[in-house]
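>>> Quick one, structure for this:
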Amino acid sequence: CQMTSPSWSSLELTAKSWSTVAPGYDSLFVKLFDPWTQDAFMKLKEHALLCTNQEPQEGTGALVTCCGPGHELLPIADIMGSTCLGLDLSPGMITIASNRIVQANRKNQVRAVVRDCMDPPPGPYRAVVSVFGLQQMPDPLLALERWIRVLAPGGVAVIIFWPSGGNSTVSMVEQEGPWARFRQLVTSKNNSSANNNTIHNSAGDNSAWYDKLVEVAERAGAKVLEDRLVQHEITWEDRTQLWEGMTRSGPWHALRLKRGDAFVDALGDEFCSIYPANTPIIHAPSARLLVLRQTSHKAKK
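From the prediction side, this is the model:
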């Protein structure tokens, strides 16, 4: 039985959690989250291929931050017709990503390395892509700024993330549904926002960053090409698949490390109580899409 976690740093907790869930995430969540991944590919094709013909003098063609098990890397390399570098803090995720690359015999074009995505290699890159990574960053504003600053002039960033709070009227993943219910239950148990994650959100419920993203992007030299919510349906076989998947193979697993299995399992009993057994659960969460183009040869300081 997993007991309450030792005193891990945020980065240590994130790396351990995602390494533990990596195989389950690859088998379950890659498919569930694929509609948003396809959105990223579509926007990359639409915008990145229209950028200037100037090739970066160094670095790789595309950078993928928070690449997870690497399912995005080969398609992005194909879209860009260039090399692709994937970064992830989790060794477990990078192991799966690296195996994907080897099995496809693409080691000469695609790489995946363990690295803190708050500190990307300098590039410059023709494209930066991140799907469901920004909300995991301990400082999302600084992360976005750094990702933009490693773009070559004319380069494009496609960022999709689960929105958190904010003052905007369209700022939540879902206002009702299973993920909203989880958030409400955790909030009530904690009586604070310290562990209040709708979807693995290392920034917690401090939503000030959410409304400042465009300002930060523009200050880093980017032009906002698109900024909107994208909504897709997710279908779970039943309440058991949802709860076990989210807490043992997905974003809610970190709560097991923070609070222990006993806490999470008791929470699961309460969570599942409103859903009939052996009945599919369908909901339609919204993610925020940002498409940004680096317009300056030297980003503003």
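>>> And the helices in the chain?
Taking DSSP state H as the test, the helices found in the chain are 10-32, 34-47, 73-80, 91-103, 140-149, 178-190, 213-219, 239-248, 253-259, 261-272.
>>> The residue nearest to residue 151 when sequence neighbours are not counted: what's it in contact with?
Closest residue to residue 151 apart from its sequence neighbours, by Cβ to Cβ, 6 or more residues apart in numbering: residue 294 at 3.8 Å. In short, each C-beta sits where N, CA and C put it, glycine included. By Cβ atoms under 8 Å, 6 or more residues apart in numbering, residue 294 lies in contact with 148, 151-157, 221-222.
>>> and the residue sitting nearest the centre point of the chain, what pLDDT?
Centrality entry for the chain: nearest residue to the mean C-alpha point is residue 132, 1.8 Å, by Cα atoms, centre = their mean. At residue 132, the pLDDT value in this model is 97.
>>> Give me the phi and psi angles of the closest residue to residue 173 other than its chain neighbours.
Of all residues not flanking residue 173 in the chain, residue 285 sits nearest, at 4.7 Å (Cβ to Cβ, 6+ apart). Torsion angles at residue 285 (phi, psi; degrees, to the nearest 10) stand at phi -70, psi 160.
>>> Can you verify my assumption that residue 285 contacts residue 229?
No. Taking Cβ atoms under 8 Å as the definition, residue 285 is not a contact partner of residue 229, at 9.7 Å.
>>> out of the two, which sits in the more crowded spot?
Set residue 285 next to residue 229 and count neighbours by other Cβ atoms under 10 Å: residue 285 wins out with 23 against 15.
>>> OK, contacts around that one?
Counting by Cβ under 8 Å, 6+ apart, residue 285 makes contact with 162, 173-174, 177, 179, 199, 231-232, 234.
>>> Could you do residue 97 as well?
Neighbouring residues of residue 97 by Cβ under 8 Å, 6+ apart: 67-70, 73, 86, 88, 112.
>>> Spatially, what comes nearest to it if we skip its sequence neighbours?
If the residues on either side of it in the chain are set aside, residue 97 comes closest to residue 70, at 2.5 Å by Cβ to Cβ, 6+ apart.
>>> how much space between the closest residue to residue 254 other than its chain neighbours and residue 268?
Spatial nearest neighbour of residue 254, excluding adjacent residues (Cβ to Cβ, 6+ apart): residue 17 at 4.2 Å. Separation of residue 17 from residue 268 (Cβ to Cβ, to the nearest Å): 17 Å.
>>> Just want to know which of those two has more residues nearby.
Set side by side, residue 17 and residue 268 show more neighbours around residue 17, with 24 against 21, by other Cβ under 10 Å.
>>> rewinding a little: okay, the contacts of residue 97 in TSV with pLDDT next?
Listed next are the contacts of residue 97 as TSV, based on pLDDT from 0 to 100:
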residue	pLDDT
67	98
68	98
69	98
70	98
73	98
86	98
88	98
112	98
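>>> Now render those as JSON lines, adding distance to residue 211 and neighbour count.
Converted to JSON lines, the contacts of residue 97 look like this (distance: Cβ to Cβ, whole Å; neighbours: other Cβ atoms under 10 Å):
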{"residue": "67", "distance to residue 211": "27", "neighbour count": "27"}
{"residue": "68", "distance to residue 211": "27", "neighbour count": "27"}
{"residue": "69", "distance to residue 211": "31", "neighbour count": "27"}
{"residue": "70", "distance to residue 211": "32", "neighbour count": "26"}
{"residue": "73", "distance to residue 211": "31", "neighbour count": "27"}
{"residue": "86", "distance to residue 211": "29", "neighbour count": "32"}
{"residue": "88", "distance to residue 211": "27", "neighbour count": "28"}
{"residue": "112", "distance to residue 211": "33", "neighbour count": "25"}
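>>> From these, pick the one nearest residue 33.
Nearest to residue 33 among the contacts of residue 97: residue 68, at 9.4 Å, using Cβ to Cβ.
>>> roughly how far apart are the residue nearest to residue 151 and residue 32?
For residue 294, the distance to residue 32 - Cβ to Cβ - is 32 Å.
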